[in-house]
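**Student:** give me coordinates for this.
(one chain, ligands or ions: 1)
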Amino acid sequence: MLAEIATYATSVVATPKPFRKHLGPAIGLWARGRRQHVAWTRHIARTNLLLGQTCADQPGHDTAVILGSGPLFDVPLKTIAKKFATVLLVDIAHLAPARRQMRDFANVHPVWHDLSPAQNPDTLDFLHAINGLDWVVSLNLASQLAASVPEQNQRAVIDDHLDGLLALDCPVTLATDLNCTLTDKRGNLQQSFDLLGTRAMPPAPHRWTWEVAPFGEDSRHWRRTHAMAFYPDWKAASSN
Ligand SMILES: C[S@@+](CC[C@H](N)C(=O)[O-])C[C@H]1O[C@@H](n2cnc3c(N)ncnc32)[C@H](O)[C@@H]1O
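**Tutor:** Reported below is the predicted structural model:
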């Protein structure tokens, strides 16, 4: 609890006023990541590795944008900062621990921006205005956008985000969770939820499971696991 309070205190001043309301949930995510460090290791290592490899494959070197960078658990920041002249990290919350990591690189900048199409249907338009935009990554963000709207609007929000990425003039990488399952201690599936508002997704070159909440995190009776998909080239995957 002390760490959470300290993180809030050191994050609040640097956070633009309209975004301060997001600090609570962001600190919750950051604290969960620290608490579940062991359970999340495989997922984080996999995402870091794939993003690092995909970064190396990019033909451009000018500006890279990471949407949903948040606590930077799954971002190989050094690799990306070395390759690109400018790196923009976009999220509704950039906590002090993430800001400290950014300060190691003069070319890495936080951008506070609400990426929810529910707030603004043209929410990705700011990307079109970036000169030399060479790579965009949507990083475990899509399902979060859906989770923040009523069920009947989830599909529209997902479509706006994923189709908005397809409309960009540069390579796009997508990492996203697809669905979530709750399993009891006997290994029986209790419930399963689609996290992308029923949008059919193309086959992903890389798939794995992420144990987001082991027994005792959400409940002592069940564990929550998310199915992950990683598309190094979201446009190519979508055109098949
Ligand atoms: C599952 S987390 C992934 C965070 C990061 N990739 C990591 O693991 O270190 C989702 C991220 O999306 C951000 N997010 C949620 N809703 C958002 C919105 N409407 N606009 C921008 N970012 C949002 C959250 O703040 C959070 O950092």
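
**Student:** residues in contact with the biggest helix by length in the chain?
**Tutor:** When the chain is parsed with DSSP state H, its longest helix is helix 37-56. Here helix 37-56 makes contact (Cβ atoms under 8 Å, 6 or more residues apart in numbering) with 33, 64, 73-76, 79-80, 83, 135, 137, 139-140, 173, 175, 206, 208, 210-212, 214, 228, 230, 232. All C-beta atoms are positioned from the backbone trio N, CA, C, and that covers glycine.

**Student:** so does that helix get close to the ligand?
**Tutor:** No - Helix 37-56 stays clear of the ligand (Cβ under 6 Å from any ligand atom), getting no nearer than 7.2 Å.

**Student:** helix or strand right after that helix?
**Tutor:** strand 63-67 (DSSP states H and E).

**Student:** buried set for the following helix or strand past that next one?
**Tutor:** The helix or strand immediately downstream of strand 63-67 is helix 77-83, counting by DSSP H and E. Neighbour counts over helix 77-83 (16 or more other Cβ atoms under 10 Å) mark 77, 80, 81, 83 as buried.

**Student:** quick check, pLDDT for the closest residue to the ligand within the chain.
**Tutor:** Distance from the ligand to each residue of the chain (Cβ to the nearest ligand atom) is smallest for residue 70, at 2.1 Å. Confidence at residue 70, expressed as pLDDT, is 96.

**Student:** for it, which non-adjacent residue is closest in space?
**Tutor:** Nearest residue to residue 70, sequence neighbours excluded (Cβ to Cβ, 6 or more residues apart in numbering): residue 91, at 5.0 Å.

**Student:** wait, the one you found touches residue 72, no?
**Tutor:** No - applying Cβ atoms under 8 Å, one finds residue 91 not in contact with residue 72, separated by 9.5 Å.

**Student:** now the residue in the chain sticking out farthest from the centre: phi and psi?
**Tutor:** Distance from the centre of the chain peaks at residue 186, with 31.3 Å (Cα atoms, centre = their mean). Torsion angles at residue 186 (phi, psi; degrees, to the nearest 10) stand at phi -90, psi 0.
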